[in-house]
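Peer 1: Structure for the following, please:
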Amino acid sequence: MSEALWQRRLDRERQARKTAERLLTDKSRELYQTTVDLQQALAASENQRRLQLALWGSGELIWEWHAEDDLMRLHHFSSEPGVALEEALLWADWIARLHPDDRGNALQAWEEHRCGRCEYYDLEFRMRREPEQGWLWFRTQGRAVERDADGLARRITGTCKDISRQHEAEEHLRLLAAAFANNRDANVVLASDRHALQANAAFLELVGIGAGELPDLELERLLLDADEQCPWDHLFATDHWQGELICQRRDGQRIPVELSSTLVRARDRQARHLVLSLRDISERRRAADHLRHLARLDVLTQLPNRLQFQERLQRALQHQHDDRCLALLFVDLDDFKQVNDAFGHDVGDALLQQ
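Peer 2: Take a look at the predicted model:
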């Protein structure tokens, strides 16, 4: 699977999460407004207690901006009944807390929403809670609840949440996606029904298909063992497996591969996905065959050497029948040293080859 496809998938997930968070923001704002209006009458009510616990549990704070004083009022919540911390600071001071690289986008998004050019104020940025602390990622959402006759916002309210861990997890996922997509080994992820879900470019090239053909890929004849069968049952029953198989490409070409499989289980220990990593070992096989070939031939004459002779003799003795004889002829060259001494080793080698 390409890195761009991973990014689009991540963007869809983030958009779905933003929609859910926007709904939570709207509900939290409504509940908060109800709490402010009825704070005296409902100080000990269960509804206020639930609202406070919900906001505390979600890690969100509620903020309000008023045009007449240009103040940002921050409302922090606690798990203790009736305990809340309020903080007020100028809008300029709030912006000053933001990372310098994020201030431009924050100001632009704020101005577009304040002037009514966009419906929501939704932004992710880095900010320091205290000057000596490091940068943290925050997500803020809001909406104008009052506008003047010209359409300019008079009061905007919303929520703000620390998403540093979430941002770190997304960055980690993005790095893993890039590593998967750009891995030189062929990687593919299979569902429990042996359906291919994701694959990188190296796998598509190894199998000889395009990205659009992956969902229709027939895996039954893709990986074969010595018996011309794919050990699917064994792969889906073993957490880790490694061995050599034959990969049969779409064009029919058969390529020896080293396969490493990892079974990914869900929390209920049921097999959910199988991750396969394939490496083309054609060159390694050719090199090994060549070495085996050289090990069984005489370097000078390219005739079977002593090792091959011993193997053939052993096989002949094993298959020897009682009613048949076996003859062994030994040929030796006497005084060959005189040829090397008189004419040199090159001439001697040429004579041996003849």
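Peer 1: Only C-alpha atoms from now on, for both contacts and neighbour counts.
Peer 2: Will do.
Peer 1: In the stretch 201-350 of the chain, mark out all the helices, start to finish.
Peer 2: 201-207, 232-235, 282-295, 306-318, 336-343, 345-353 (DSSP state H, counting those that start in this stretch).
Peer 1: show me where pLDDT drops low in the stretch 1-150 of the chain?
Peer 2: Residues of the stretch 1-150 of the chain that meet the criterion pLDDT under 70 lie in 1-7, 9, 16, 20, 24, 27-28, 31-59, 77-85, 131.
Peer 1: Turn the helices of the stretch 201-350 of the chain into TSV, columns for distance to residue 215 and mean pLDDT.
Peer 2: Shown next, in TSV, are the helices of the stretch 201-350 of the chain (distance: least, C-alpha to C-alpha, whole Å; pLDDT from 0 to 100):
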stretch	distance to residue 215	mean pLDDT
helix 201-207	12	83
helix 232-235	18	80
helix 282-295	27	79
helix 306-318	50	87
helix 336-343	69	87
helix 345-353	59	88
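Peer 1: can you count the residues close to residue 341?
Peer 2: 10 (other C-alpha atoms under 10 Å).
Peer 1: again with the one 4 residues further on
Peer 2: Residue 345 has 13 neighbours, counted by other C-alpha under 10 Å.
Peer 1: State the distance from the residue lying closest to it once chain neighbours are set aside to residue 330.
Peer 2: Spatial nearest neighbour of residue 345, chain neighbours left out: residue 339 (7.9 Å); criterion: C-alpha to C-alpha, 6 or more residues apart in numbering. As judged by C-alpha to C-alpha, to the nearest Å, residue 339 and residue 330 stand 21 Å apart.
Peer 1: More neighbours: those two, which one.
Peer 2: Shown here are residue 339 and residue 330; by other C-alpha under 10 Å, residue 339 has more neighbours (14 against 5).
Peer 1: Please list all residues in contact with the more buried one.
Peer 2: Contacts for residue 339 (C-alpha atoms under 8 Å, 6 or more residues apart in numbering) come out as 345, 347, 348.
Peer 1: Residue 96: how many residues sit nearby?
Peer 2: 13.
Peer 1: try residue 172
Peer 2: Residues near residue 172, counting by other C-alpha under 10 Å, number 12.
Peer 1: quick one: it from residue 12, how far?
Peer 2: Taken as C-alpha to C-alpha, the span from residue 172 to residue 12 is 17 Å.
Peer 1: can you check residue 292 too?
Peer 2: When residue 292 is compared with residue 12 (using C-alpha to C-alpha), they lie 54 Å apart.
Peer 1: What of residue 335?
Peer 2: Distance from residue 335 to residue 12, counting by C-alpha to C-alpha: 86 Å.
Peer 1: These two: which is more packed in?
Peer 2: Higher neighbour count among residue 335 and residue 12: residue 12, with 11 against 8, using other C-alpha under 10 Å.
Peer 1: separation between that one and residue 146?
Peer 2: 32 Å.
Peer 1: same deal with residue 182?
Peer 2: Where residue 146 is concerned, residue 182 sits at a distance of 50 Å (C-alpha to C-alpha).
Peer 1: the strands in the protein, which residues?
Peer 2: For the chain, the strands defined by DSSP state E cover 60-66, 71-77, 84-90, 121-127, 136-147, 153-162, 186-191, 196-199, 223-224, 240-248, 254-265, 271-280.
Peer 1: want to throw these into TSV with distance to residue 300 and mean neighbour count?
Peer 2: Below are these laid out as TSV (distance: least, C-alpha to C-alpha, whole Å; neighbours: other C-alpha atoms under 10 Å):
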stretch	distance to residue 300	mean neighbour count
strand 60-66	82	21
strand 71-77	88	20
strand 84-90	91	13
strand 121-127	73	20
strand 136-147	72	19
strand 153-162	75	21
strand 186-191	42	22
strand 196-199	49	19
strand 223-224	39	21
strand 240-248	34	18
strand 254-265	32	19
strand 271-280	33	20
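Peer 1: Tabulate the ones you listed in CSV, adding columns for distance to residue 302.
Peer 2: Output for these, formatted as CSV (distance: least, C-alpha to C-alpha, whole Å):
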stretch, distance to residue 302
strand 60-66, 80
strand 71-77, 86
strand 84-90, 90
strand 121-127, 72
strand 136-147, 71
strand 153-162, 74
strand 186-191, 39
strand 196-199, 46
strand 223-224, 35
strand 240-248, 31
strand 254-265, 28
strand 271-280, 30
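Peer 1: Residue 99 is nearest to which of those strands?
Peer 2: strand 121-127 (5.3 Å; C-alpha to C-alpha).
Peer 1: Restricting the selection to alpha carbons, write the closest one to PDB.
Peer 2: Provided in PDB are the C-alpha atoms of strand 121-127 (Å, rounded to 0.1, in the frame of the first residue of the first chain):
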ATOM      1  CA  TYR A 121     -13.200  27.300  14.700                       C
ATOM      2  CA  ASP A 122     -11.200  24.000  14.600                       C
ATOM      3  CA  LEU A 123      -7.400  24.000  15.000                       C
ATOM      4  CA  GLU A 124      -4.500  21.900  16.200                       C
ATOM      5  CA  PHE A 125      -1.400  23.700  17.500                       C
ATOM      6  CA  ARG A 126       1.500  23.500  19.900                       C
ATOM      7  CA  MET A 127       1.400  25.500  23.100                       C
END
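Peer 1: what's next to that strand, contact-wise?
Peer 2: Outside strand 121-127, the residues touching it (C-alpha under 8 Å, 6+ apart) are 97-99, 102, 106, 109-110, 113, 135-143.
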